[in-house]
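Visitor: predicted coordinates and the sequence they were generated for:
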Amino acid sequence: MRISVIGTGYLGATHAAGMAELGFDVLGVDNDPAKAAALSAGRVPFHEPGLPDLLAGHVADGRLRFGTSLVAAAEFADVHFLCVGTPPGVNGAADLSQLYSALDGLVPHLTRNCLIVGKSTVPVGTAEALTARIAELAPEGISVDLAWNPEFLREGHAVHDTLHPNRLVFGVTTPDAEWALRQVYATPIAGGSPVVITNLPTAELIKVSANAFLATKISFINAMAELCDLTGADVTLLADALGHDDRIGRKFLGAGLGYGGGCLPKDVRALIARATELGAGESVAFLRDVDAVNLRRRERVVRETLELLGGEHRPVGRVGILGAAFKPLSDDVRDSPALDVARRLHAAGVEVTVFDPAATGPARAVAPQLVFAATPAAALHEADVVLHLTEWREFRELDPGFLRTVARGRVIIDARNTLDPEPWLAAGWDFRALGRLVEPRTAAGAVGAPAGSSYPGPTAIRDVAEPARALPQPSPLTRLRARVRRTA
C-alpha cells in the first residue's frame, strides 16, 4: 500500500512524515514549488519539535518524497490523504476551494481503485458533496471510496499525536474503506489507540465539536477570571478545585489571554456559520458569547497597559512583550492573541518591542510595523511595562533581578498566569495577573506619562503594599493566598 498526502502545510507535512515512519512509501504533493523543494531537501518550513529529524531521515532513506504533480500522485498511491487548508471565508464559513481543486486535479487521473481520505476540517455535509463530485470525475471502471479521518494534532506535539493518537475516527461508508484505514494505522491501533467507526457526517462534526468544546472551556474560566478580578478571588485556585472533579478536569482551565491559532477560532466561527445555514443557529448561539469572551481578554490587557502609560488618548512609554506565537512550541501566529495585543498597542501610539523564541520570522511577516528583538533582554530594554503573552518555558526561566536592571519601569503583566510571582516580587517588580490574587502589590500609577500629567512617572512608583485591586478589601481568608501552595 502506497500513500499520497495532498497539501503539505503543517498538517500535511507532519502526516506525510508520520506515514513514512509507520512504514509506508509516501508522496507529498503541494501546489507551491518552493515548499515542495524545501521539503524534498529535508527542510521543514515551520517550527515543530521533532519533525525536522523525522522528515529529513525518511527523505534520505527514500521512503518519503515530495512534488507538485497530482497526476503523479494519482498514478502512485492506493490511499490519498487530503490535507489542504480550509481557511475562513465569508461570515466565518470555511473556504473549500482548495479541497475541490485537489479533487479536480487528482480524480480524473486515477488509474486503479483507491481510497480518498479527508483529514481537513470541514463543515458537516462536505463529504456528501465531495462524494458526488468524485462520482462525476472518476474514470470509467475505477472505484473510489471516500472516508473522513479528522486530525487532532496539538501544535508542539504533532509528531507524537500522529504516531500515538489518543483516538482514531474513521468516517466510512464501506467495509473496504474501514479495512484500508485499519491497515494504515495498524501500528498505533496495536499500541492501544482506540478506534471510532462512524458515518461521514459524524466524523466531520467530531473535530469542530471538540474544538468548540475546548474553546468553551477556556472562555468559561476566563469569564470566571473576570469575576475573580472584581471580588479578590483567585482563578488559579478556583481552576484547581474544579479540575479535581473528574467530570470537568483541569486541562484547558488555564485563565489568561485566551485562545488563538489556526483551529479554535476558525472552527468555532465555521460551526456557527454552518449551523446557521442549516437553520440551527440558535442551538449554537452560546458560541458567539464564547468567541466574545475570548476577544475581550485581549482588550483587557490592552486597556490595562494603556492606563499604565497615561491613558488611551495620550499613552507615553515603551512596552516590552514576551511572546508572539499563539502558543509555545510553535511559530504559528495565526489569530495570535499575543500579536494582536502588540499590534493594538502600536496602533495606539505605544513603542512596542517583541521577542519570541521561534515566531519572529512569521510575526514580522504579518506585523512589519513592530520592532522585534533577538533576546528577551533586548525586548525589555527601557521598557516601562512588560507583558508576558505566550507561555514559553524560556520565559519562566528568566532572571527578574537582571531584567529589573534592563527595564525602565517595574510593572509586569502575566497575561498567561504561568510565571511564578515570588522571584519577580522579590526583585521589586509590580507583578500583575489576570484573575489571580498576587500579594503584595505595589502602588503603581501610570508610567512614562508626559510632563504636567497627573500620572506619576516610573520613578514615582512607591514600594508599599496594597490590596490586589482598588476594590473592596480582600477578606483575611484571601490574604492567606500569599502563603498558600497549590497541591497536585
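Guide: Sure thing, it's come through.
Visitor: so which bits of stretch 129-145 are buried?
Guide: Along stretch 129-145, these residues count as buried under the neighbour rule (16 or more other CB atoms under 10 Å): Leu130, Arg133, Ile134, Leu137, Ala138, Ile142, Val144, Asp145. All C-beta atoms are positioned from the backbone trio N, CA, C, and that covers glycine.
Visitor: could you name the helices and strands sitting against the helix or strand hosting the third one?
Guide: Element membership for Ile134, per DSSP states H and E: helix 126-137. Using 3 or more CB pairs under 8 Å, 6 or more residues apart in numbering; DSSP states H and E as the contact criterion, the neighbours of helix 126-137 among helices and strands are helix 97-106, strand 114-118, strand 144-148, helix 200-231.
Visitor: generate TSV for these, with distance to Ser330 as supplementary columns.
Guide: Output for these, formatted as TSV (distance: least, CB to CB, whole Å):
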stretch	distance to Ser330
helix 97-106	22
strand 114-118	24
strand 144-148	26
helix 200-231	16
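Visitor: distance to Pro52 and mean pLDDT for the ones you listed - can I get that in CSV?
Guide: Listed next are the helices and strands packed on helix 126-137 as CSV, based on distance: least, CB to CB, whole Å; pLDDT from 0 to 100:
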stretch, distance to Pro52, mean pLDDT
helix 97-106, 25, 97
strand 114-118, 25, 98
strand 144-148, 29, 98
helix 200-231, 26, 96
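Visitor: if we compare these, which one ends up closest to Ala158?
Guide: helix 200-231 (14.8 Å; CB to CB).
Visitor: check which residues of whichever helix or strand comes after the closest one are buried.
Guide: Counting by DSSP H and E, the next helix or strand C-terminal to helix 200-231 is helix 235-243. Within helix 235-243, the residues that count as buried by 16+ other CB under 10 Å are Val235, Thr236, Leu237, Leu238, Ala239, Leu242.
Visitor: does Ala93 really touch Ala275, like I thought?
Guide: No. Counting by CB atoms under 8 Å, Ala93 stays clear of Ala275, with 10.8 Å between them.
Visitor: now Tyr185: closest residue in space that isn't a chain neighbour?
Guide: Leu168 (5.6 Å; CB to CB, 6 or more residues apart in numbering).
Visitor: check Val352 too.
Guide: Closest residue to Val352 apart from its sequence neighbours, by CB to CB, 6+ apart: His346 at 4.8 Å.
Visitor: distance of the one you found from Val26?
Guide: The spacing between His346 and Val26, counted by CB to CB, to the nearest Å, is 43 Å.
Visitor: ok, Val284 next?
Guide: 37 Å.
Visitor: give me phi/psi at Phe81?
Guide: When read as degrees, to the nearest 10, the backbone of Phe81 gives phi -100, psi 130.
Visitor: Val196 - that's part of a helix, no?
Guide: No. Judged by DSSP: H, G, I helix; E, B strand; the rest coil, Val196 forms no part of a helix; its state is strand.
Visitor: check contacts around it.
Guide: Val196 is in contact with Arg167, Leu168, Val169, Phe170, Ile206, counting by CB atoms under 8 Å, 6 or more residues apart in numbering.
Visitor: backbone dihedrals for the second one, please?
Guide: Taking degrees, to the nearest 10, you get phi -120, psi 130 for the backbone angles of Leu168.
Visitor: that one: how many residues sit nearby?
Guide: Burial of Leu168 is recorded as 19 neighbouring residues (other CB atoms under 10 Å).
Visitor: quick check: bridge partners of it?
Guide: On the basis of DSSP bridges, Leu168 is bridged to Val195.
Visitor: start the count at 28, not 1, going forward
Guide: Okay, residue one is now 28; in that scheme the one you just asked about reads as Leu195.
Visitor: please name the residues that touch it.
Guide: Asn176, Leu208, Tyr212, Pro215, Ile216, Ser220, Pro221, Val222, Val223.
Visitor: swap in the first one?
Guide: Residues near Arg194 by CB under 8 Å, 6+ apart: Phe179, Ser220, Pro221, Val222, Val223.
Visitor: leaving out the residues flanking it, which one is nearest to the second one?
Guide: It refers to Ser220. Pro192 (4.9 Å).
Visitor: what's the one you found sitting at in phi/psi?
Guide: phi -60, psi 140.
Visitor: was I right about it contacting Val222?
Guide: No. The criterion here is CB under 8 Å, and Pro192 misses it with Val222 at 9.6 Å.
Visitor: comparing the two, which shows the higher neighbour count?
Guide: Pro192 (21 against 15).
Visitor: so what's the nearest residue to Ala185 once chain neighbours are set aside scoring on pLDDT?
Guide: Of all residues not flanking Ala185 in the chain, Thr41 sits nearest, at 4.6 Å (CB to CB, 6+ apart). Turning to Thr41, the model gives it a pLDDT of 98.
Visitor: tell me which element Thr41 falls in.
Guide: helix 37-48.
Visitor: pLDDT averaged over the next helix or strand after that helix - what is it?
Guide: Next helix or strand after helix 37-48 toward the C-terminus (DSSP H and E): strand 52-56. The predicted model assigns strand 52-56 a mean pLDDT of 98.
Visitor: any idea which helix or strand carries Ala385?
Guide: With DSSP H and E as criterion, Ala385 is part of no helix or strand.
Visitor: for it, grab the count of nearby residues.
Guide: Neighbour number of Ala385 under other CB under 10 Å is 22.
Visitor: now do it against Ala300, distance only.
Guide: Counting by CB to CB, the gap from Ala385 to Ala300 is 32 Å.
Visitor: is the residue nearest to Glu331 when sequence neighbours are not counted in a helix, a strand, or coil?
Guide: Closest residue to Glu331 apart from its sequence neighbours, by CB to CB, 6+ apart: Ile440 at 6.5 Å. Following three-state DSSP, Ile440 is assigned to strand.
Visitor: so who does Ile440 touch?
Guide: Counting by CB under 8 Å, 6+ apart, Ile440 touches Val328, Glu331, Thr332, Val412, Val413, Leu414, His415, Arg459, Ala460, Leu461.
Visitor: for the helix holding Thr41, buried residues please.
Guide: So for helix 37-48, counting by 16+ other CB under 10 Å, buried means Tyr37, Leu38, Gly39, Ala40, Thr41, His42, Ala43, Ala44, Gly45, Met46, Ala47, Glu48.
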